[in-house]
Every structure is written in structure tokens, then in C-alpha cells.
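Chemist: Take this sequence and fold it.
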Amino acid sequence: MSERLIPLDRHEALELARKHPGYRGICAQCGCSTLNACTGLGFLGDENCGWENREQTLCTNPDCLKKAAGPEKMRA
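Modeler: Predicted structure coming up:
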């Protein structure tokens, strides 16, 4: 069985996620992945992001959550 490869470069990963909506394992907002997670999160800045949804298409980075919520929620 062949495995899908996820590029480590975030720009390539984000392009892949945008070309193929729902591509599992890449955040559609920032292009991070399990192997290349967002860093510097949490109260002390010592945490990495995780997955917000079961499909693994949205990470827990607050910036990504705001973008995913839509323009009306970004003003809050």
C-alpha cells in the first residue's frame, strides 16, 4: 500500500492542501503538519499545535482557528 507523502516545506504543503481540499495531515490555513507543527504556542510559548478536527485539516494554532471561523469572527 502506498502512503501519501506530506512535504516538509510549509508553502508546498499549503499549496497541496489548497489544490486538494480535505487533504488529511496538512492544516488548510497555515500548511503545518504533524512533522512540521506550529511552535511557540501556549502560555509559556513552549507548546506545538495539534489537530482541532478528526480529519486533520485544521490545527489548534489560534491564528488558524480565527481564519477558519471566517471574516466575521476575525474582528472579535
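Chemist: lowest-pLDDT helix or strand in the protein?
Modeler: helix 71-74 (a mean of 62; mean pLDDT, DSSP states H and E).
Chemist: Run a quick neighbour tally on Cys30.
Modeler: Cys30 has 20 neighbouring residues, counting by other Cβ atoms under 10 Å. Just so you know, the C-beta spots here come from the backbone N, C-alpha and C atoms, and that holds for glycine as well.
Chemist: got any ranges where the protein has weak pLDDT?
Modeler: For the chain, applying pLDDT under 70 flags the ranges 1-5, 8, 72-76.
Chemist: In it, mark out all the helices, start to finish.
Modeler: 10-19, 62-69, 71-74 (DSSP state H).
Chemist: Turn these into TSV, including distance to Cys49 and mean neighbour count.
Modeler: Shown next, in TSV, are these (distance: least, Cβ to Cβ, whole Å; neighbours: other Cβ atoms under 10 Å):
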stretch	distance to Cys49	mean neighbour count
helix 10-19	12	15
helix 62-69	8	15
helix 71-74	18	9
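Chemist: Compare these and give me the one nearest Gly45.
Modeler: Closest to Gly45 of these, according to Cβ to Cβ: helix 62-69, at 12.5 Å.
Chemist: quick one: contacts of the closest one?
Modeler: By Cβ atoms under 8 Å, 6 or more residues apart in numbering, the residues outside helix 62-69 that reach it are Cys27, Ala28, Gln29, Cys30, Cys38, Leu41, Cys49, Glu52, Leu58, Lys73, Met74.
Chemist: Nearest the geometric middle of the protein, what residue?
Modeler: In the chain, the centroid-proximal residue (Cα atoms, centre = their mean) is Cys27; its distance is 2.3 Å.
Chemist: ok, the nearest residue to that residue once chain neighbours are set aside - how many residues close by?
Modeler: Of all residues beyond its chain neighbours, the one nearest Cys27 is Cys59 (4.1 Å), with distances taken as Cβ to Cβ, 6 or more residues apart in numbering. As a burial measure, Cys59 scores 28 neighbours (other Cβ under 10 Å).
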